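Q: need a structure here:
(chains A and B)
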Protein chains: 2
Amino acid sequence: MKLSKLFTKTIKEAPKDETSKNAQLLIRAGFVDKVMAGVYTLLPLGYRVYKKIEQIIREEINAIGGQEIYMPTLQPKERWLLTKRWENMDDLFRFTSHYSKIEYALGPTHEEIVSPLVKKYASSYKDLPVYVYHIQNKFRDEKRAKSGILRGREFMMKDLYSFHVNDKDLDDYYEKAKQAYVRIFERCGIGSSTYITFASGGSFSKYSHEFQTITKAGEDLIYICDKCKIAINKEVLNDVENKCPECGNKELKEEKAVEVGNIFKLGNKYSEPFDYYYTDEKGEKKPVIMGCYGIGLQRLMGTVVETLSDDKGMIWSESIAPFKVHLLSLKQNEQAEKLYKNLEQAEIEVLYDDREEVSAGEKFADADLIGCPIRLVVSEKTLKEDSIEVKRRDSDEVKIIKLKKLITELTL
Amino acid sequence: MKLSKLFTKTIKEAPKDETSKNAQLLIRAGFVDKVMAGVYTLLPLGYRVYKKIEQIIREEINAIGGQEIYMPTLQPKERWLLTKRWENMDDLFRFTSHYSKIEYALGPTHEEIVSPLVKKYASSYKDLPVYVYHIQNKFRDEKRAKSGILRGREFMMKDLYSFHVNDKDLDDYYEKAKQAYVRIFERCGIGSSTYITFASGGSFSKYSHEFQTITKAGEDLIYICDKCKIAINKEVLNDVENKCPECGNKELKEEKAVEVGNIFKLGNKYSEPFDYYYTDEKGEKKPVIMGCYGIGLQRLMGTVVETLSDDKGMIWSESIAPFKVHLLSLKQNEQAEKLYKNLEQAEIEVLYDDREEVSAGEKFADADLIGCPIRLVVSEKTLKEDSIEVKRRDSDEVKIIKLKKLITELTL
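A: Alright, predicted model coming up:
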């Protein structure tokens, strides 16, 4: 894509009401726009990143048997009364239609939709397990929306729900989901700073597991066991007697972290209210056991920005970068244009800064701010030697490469 | 995908409260589930169709320069007051947060978000035109949600918004958008029954254009000129003096039709309330001229079902079918399994009915109901001759093809 065609522009000054690093960088670079507190638009560059994160999640959840659906935001009050969340869930948006007087909940999570749905189709042990997921916008009436896109009132979530004949079957799948999550965060570039973390469970299991990424922007405190590479959320530190529940290690390292995902054993908490039981081999009615597995996509994107960025801007991993290559022309537009076409033909995603009225300094600054993994500079100097300047965003090293070798180099 | 793994099942009887053909077939075949009036879940088969429609639209809108973004559902009251739609738009869902007391509109359309957004970036004639679009869920408090998925309270929309320096520039783009729409409906399989239709305009143009698809399920009456292959919506029949506005033909044919898309010249109706003007070459302030271009995706999907179906079920065109091939095994699971793997390896999308406890008759009925374009039957009889039975859903002809020629045949 040509930067001259992109309708957004970079902004020099971060908006005053945004104090979080993720929102400051994302807004300055034209990835998101703030509409009101906790409510953002994803702009072309940001939506490209979002889509890549979405696709990574989709691939990993498909790989563990997830079937993708799309559930409604408008949800009937009756179902929320059955789970007792209509009155008890503080941050549930609920409202009454002006003229039909129908009362709706605005989906913050989808157990109330998915349990009655799966109940319609899976009533026998032969029909189970079932793994269903969706990726879509959800809503929470956060008391104070803050931390940029880490905690919005409207946000995209992947929620996977699993339905099982017994705890053993849930436990097996829960482990598979845990490994899928490890792969997701690895592929998004924050694997090394993300820890499987023991957190509080519910009526049905002592602990749940969160995926916590170390960053100063984090609202949670976690305690890391360096031997096992796992962590404990402060909220259950007493329960594990201040030591690693896996190896007993007492030397735990305190860090601030952001919860980028969580997985939870629900037992029959959301099947029982909908009278959802299955028939086993003997024809007996048994409770359906559920698990749920969530990832907030903007939160994940914002955490990547908090984790992978410097004073100059963002540093995207290739897997989720808006473009792999940022091509800059320093008054050599003819040659740059040719190279741009060659790169596109080789199916390399490239953002081409073809702007004519912008200084070299501004172009370099924008490339650093936007943070594509590879920067290419076409200049008179290197062209004399049929070469091009190549620099990775995550390194200071500048390489000069022969033009004819460039595409091979980039597609390695 | 194996049918035994799909969590949905076909249903013999259509639900009593659904009288429309599209909802009856889609629910019976397990493409959608009704949650409440006007609110549906897209199930795995339906979501596959939805995604393909979405991708066709995305490709065609990208081809005319559209830049994709994602805008919020939660919209600030202040902006809707500026356009005077807070009180005047009957079917606008509006509500107040229980504890923050913030008043929100639930996005039924996105002029109130997109105009202030583009204003931030495009203030000079040099920055225009801008073409921005999004594909996401929207909400309308329909007095009576009916006609299945043709008219929901929650639905997916593609809305493209264009911003121009003058009417001439809008007119040129409007024609491009019109042609993109023709290609979209063509690619979805309803090109021959869809007419560009003159409809009422607004303060800024005498007519807008709708894309109307002929079907008995339609709520609109249109009058077709067979010479020009265009139509006139009843609402403007008097304005065009009961004749074709292009050739003067008075022999117009009345048909019931569904509006699957519409394109509209907005003038400065939604730029002026946001004080959105641009600076021209002479430094003078000029109004920004807008166009908008909408397609409802469930409505399009439902219209396809109304148009392309028979007593047995749905008849999808290959472009948007959930799977290209429906493979049936009549107790020859070993050979069918092998073929299934070969087809998947050849990247042919195949739904494999591997169910063991289901009769041949039920399998045939389900294949017809689900409506994939090509049905393959593996049976003892044809296997003896190293052959397979091939039947297109839209034809009665049954062909016997040598197995070794099958993949070539299917990928032609």
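Q: In chain A, what residue comes closest to chain B?
A: Proximity of chain A to chain B (CB to the nearest CB) peaks at residue A:95, 3.3 Å away. C-beta coordinates here come from the backbone N, C-alpha and C atoms, glycine included.
Q: and that residue, that's in a helix?
A: No. Checked against DSSP: H, G, I helix; E, B strand; the rest coil, residue A:95 lies outside a helix; its state is strand.
Q: What does the pLDDT read for it?
A: Each residue has a pLDDT score; the one for residue A:95 is 94.
Q: Burial check on it, number of neighbours?
A: Using other CB atoms under 10 Å in any protein chain shown, residue A:95 has 20 other residues around it.
Q: Pull up the gap between the closest residue to it other than its chain neighbours and residue A:108, please.
A: Nearest residue to residue A:95 in three dimensions, chain neighbours excluded: residue B:95, at 3.3 Å (CB to CB, 6 or more residues apart in numbering or on different chains). Residue B:95 sits 15 Å away from residue A:108 when distances are taken as CB to CB, to the nearest Å.
Q: before we move on, the earlier item: quick check: bridge partners of the residue of chain A closest to chain B?
A: Here residue A:95 sits in beta bridges with residue A:104, going by DSSP bridges.
Q: quick one: it and residue A:103 touch, right?
A: Yes. At 7.4 Å, residue A:95 counts as touching residue A:103 under the criterion of CB atoms under 8 Å.
Q: List the strands paired with the helix or strand hosting residue A:197, with their directions.
A: Take DSSP states H and E as the rule and residue A:197 turns out to sit in strand A:194-200. Sheet pairing of strand A:194-200 (DSSP bridges) gives strand A:207-214 (antiparallel), strand A:230-233 (parallel).
Q: got the buried residues for that strand?
A: A:194, A:195, A:196, A:197, A:198, A:199 (16 or more other CB atoms under 10 Å in any protein chain shown).
Q: Name the spans of the stretch 151-300 of chain A whose pLDDT lies under the cut-off.
A: By pLDDT under 70, the stretch 151-300 of chain A has no low-scoring segment.
Q: can you list the residues of it near chain B?
A: Proximity of the stretch 151-300 of chain A to chain B, by CB under 8 Å from any CB of the partner chain, involves residues A:153, A:154.
Q: before we move on, back to that, how near is the residue nearest to residue A:95 to residue A:81?
A: 19 Å.
Q: And for residue A:269?
A: For residue A:269, the distance to residue A:81 equals 15 Å [CB to CB].
Q: Tell me which of these two has more neighbours.
A: Counted by other CB under 10 Å, residue A:269 and residue A:81 do not tie: residue A:269 has more neighbours, with 18 against 15.
Q: what's the spacing between the strand or helix carrying residue A:300 and its chain's center?
A: Element membership for residue A:300 (DSSP H and E) is helix A:297-307. With CA atoms, centre = their mean, to the nearest Å as the basis, helix A:297-307 stands 7 Å off its chain's centre.
Q: what does the next helix or strand after it rub up against?
A: Remark: after helix A:297-307, the chain's next helix or strand is strand A:309-310, criterion DSSP H and E. Applying CB atoms under 8 Å, 6 or more residues apart in numbering or on different chains, the external contacts of strand A:309-310 come out as A:21, A:25, A:315, A:371.
Q: The residue nearest to the third one when sequence neighbours are not counted: neighbouring residues, count only.
A: If I follow you right, that is residue A:315. Once flanking residues are discounted, residue A:315 sits nearest to residue A:308: 4.5 Å by CB to CB, 6+ apart. As a burial measure, residue A:308 scores 20 neighbours (other CB under 10 Å).
Q: Please apply the same query to the one 4 residues further on.
A: Other residues within reach of residue A:312, judged by other CB under 10 Å, total 14.
Q: which element is the residue nearest to it when sequence neighbours are not counted on?
A: Nearest non-adjacent residue to residue A:312, counting by CB to CB, 6+ apart: residue A:368, 3.8 Å away. Residue A:368 is located in helix A:360-370, with elements delineated by DSSP H and E.
Q: Mind giving me the packing neighbours of that helix?
A: The contact analysis (3 or more CB pairs under 8 Å, 6 or more residues apart in numbering or on different chains; DSSP states H and E) places helix A:360-370 against strand A:313-314, strand A:325-329, strand A:350-353.
Q: now the ones you listed in JSON lines, with mean pLDDT?
A: Listed next are the helices and strands packed on helix A:360-370 as JSON lines, based on pLDDT from 0 to 100:
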{"stretch": "strand A:313-314", "mean pLDDT": "98"}
{"stretch": "strand A:325-329", "mean pLDDT": "95"}
{"stretch": "strand A:350-353", "mean pLDDT": "97"}
